[in-house]
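S.K.: what's the 3D shape of this:
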Amino acid sequence: MKIAREFAGALAGTLAGFAMAAVTALPVFAEELKFANFTPPFHTINKSVIEKLDSELSARTGGELRVRGYHGGELGSGPVEQYVRAVQGVADIVWGLPGYTSSQFRKTMIAELPGAIPPEKPGYEALWAAYDPHLKDEFPATKPLALWTSEPNIFIMRNKVIRTPADLAGLKVRVAGATAAEVAEALGATPVQMPINQVYNALQTGLIDGVITGASTLTDFKLDEVADAITTGAPLGRIAFYTVMNLAKYESLPAEHRAAIDAVAGIPLSKSAEDAWYAAADAALDAARADARNTVVDLTPEEAAPFAEAVRGVVEAYVKSVGGEAALAAMRGE
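M.R.: Take a look at the predicted model:
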């Protein structure tokens, strides 16, 4: 009996050891942050922001915090509703354009104006310099992870070559937001606001004659397939972008996970995005120049001067209308 009891005790101890080992060996389940992307997975945003966030956070947390992209509008197809998706928790993280809801981002939109940010100054540096003192209130219920701008805007047209402001008279030109709309009007065009993912069909069907946007859209949204005339060098401003996280979600995370997010958010993630936009734009323009079907006009400083003169009043009027003098000075580093 004694031997039986000893055997039973030893067996129980062994089983307990196995159970403890099994529990210890169980994988740690990662916290997965949902990133809503309204564009296809080949878009520049994926590698420069979504995948970068995932790899950085995974490395800093030992795989405990990950980011998963939901592409092509899987969490909601409307680009205009991106910010609301973050606020409502449909997604943990989103990216979008302030221009799609310009009335919310009145001072942030200053960054899009021609000449607002000096050409040699990165857009992300300008936006973050103005964020805390002037722009923060325009981002309620979220934590901005990245703020950046596109490469300089150009004209991307179909069957219309633009060399002077007079060439725009009566043309319907798509713009992203309110500031670009005022620029287009000042140049004599009729602005049409629509999300960028609608531009391909609008150009193809003749609903619009062209678009004011960055060259990266030639490949990111395949506008190279439906456009045949490109004009660079006109002062048309840039496009601003954001990546924001639901603030309540951020605050619910463990301190070490918040620290990991803080380490990559801000300037590092913003620089990654903006650098990628410029690289995509350079590659797209090179491809456009190599395509014999396209007419590419590179304005000289003298040829660009009439465009600059036409939009000069727009910049001053808009900044004054939103009380944005201090925000503009901060963006410029003054």
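
S.K.: for stretch 77-92, which positions count as buried?
M.R.: Buried residues in stretch 77-92, defined by neighbour count with 16 or more other Cβ atoms under 10 Å: 79, 81, 82, 83, 84, 85, 86, 87, 90, 91, 92. All C-beta spots, glycine's among them, are computed from the backbone N, C-alpha and C.

S.K.: residue contacts, the third one?
M.R.: Meaning residue 82. Applying Cβ atoms under 8 Å, 6 or more residues apart in numbering, we find residue 82 in contact with 36, 38, 76, 94, 95, 96, 100.

S.K.: among the residues you listed, which are in strands?
M.R.: Mapping the contacts of residue 82 onto strands (DSSP state E) picks out 36, 94, 95, 96.

S.K.: measure the third one to residue 262 for me?
M.R.: Per Cβ to Cβ, to the nearest Å, residue 95 is found 18 Å from residue 262.

S.K.: The two: which has the busier surroundings?
M.R.: More crowded of residue 95 and residue 262, by other Cβ atoms under 10 Å: residue 95, with 25 against 12.

S.K.: That one reaches residue 243, doesn't it?
M.R.: Yes - the criterion here is Cβ atoms under 8 Å, and residue 95 meets it with residue 243 at 4.4 Å.

S.K.: on that earlier part again, could you dump the contacts of residue 82 into CSV and include pLDDT?
M.R.: Putting the contacts of residue 82 into CSV (pLDDT from 0 to 100) gives the following:
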residue, pLDDT
36, 98
38, 97
76, 95
94, 98
95, 98
96, 98
100, 95
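
S.K.: Most neighbours among those, please name it.
M.R.: Each of those was scored for neighbours by other Cβ under 10 Å, and residue 94 scores highest at 29 neighbours.

S.K.: check contacts around it.
M.R.: 35, 36, 82, 83, 85, 86, 243, 244.

S.K.: Please flag which of these sit within strands.
M.R.: For these, secondary structure assignment (DSSP E) places 35, 36, 243, 244 in strands.

S.K.: correct me, but the third one touches residue 144?
M.R.: It refers to residue 243. Yes - contact between residue 243 and residue 144 holds when scored by Cβ under 8 Å: they sit 7.2 Å apart.

S.K.: And the residue nearest the centre of the protein?
M.R.: Among the residues of the chain, the one closest to the centroid is residue 241, at 3.8 Å (Cα atoms, centre = their mean).

S.K.: Residue 138 is in contact with residue 103, isn't it?
M.R.: No - using Cβ under 8 Å, residue 138 is not in contact with residue 103, being 10.1 Å away.

S.K.: out of the two, which sits in the busier spot?
M.R.: Counted by other Cβ under 10 Å, residue 138 and residue 103 do not tie: residue 138 has more neighbours, with 17 against 8.

S.K.: For the more buried one, which non-adjacent residue is closest in space?
M.R.: On the basis of Cβ to Cβ, 6 or more residues apart in numbering, the spatially nearest residue to residue 138 that is not a chain neighbour turns out to be residue 105, at 5.0 Å.

S.K.: still on that earlier bit, just give me the closest of the ones in strands among the contacts of residue 94 to residue 268.
M.R.: Closest approach between the ones in strands among the contacts of residue 94 and residue 268, by Cβ to Cβ: residue 243, at 12.1 Å.

S.K.: tally of neighbours for that closest one?
M.R.: Applying other Cβ under 10 Å, we find 26 residues neighbouring residue 243.

S.K.: ok, now the one 3 residues further on?
M.R.: With neighbours defined by other Cβ under 10 Å, the count for residue 246 comes to 23.

S.K.: Next: residue 29.
M.R.: Counted by other Cβ under 10 Å, the residues lying close to residue 29 total 8.

S.K.: Residue 313 too?
M.R.: Residues lying near residue 313 (other Cβ under 10 Å) number 11.

S.K.: For the nearest residue to it once chain neighbours are set aside, list the residues it contacts.
M.R.: Distances taken as Cβ to Cβ, 6+ apart put residue 186 closest to residue 313, at 7.1 Å, once the chain neighbours are dropped. Applying Cβ under 8 Å, 6+ apart to residue 186 gives the contacts 310, 311, 313, 314.

S.K.: okay, and for the chain, where does confidence drop off?
M.R.: Counting by pLDDT under 70, the chain contains low-confidence ranges at 1-28.
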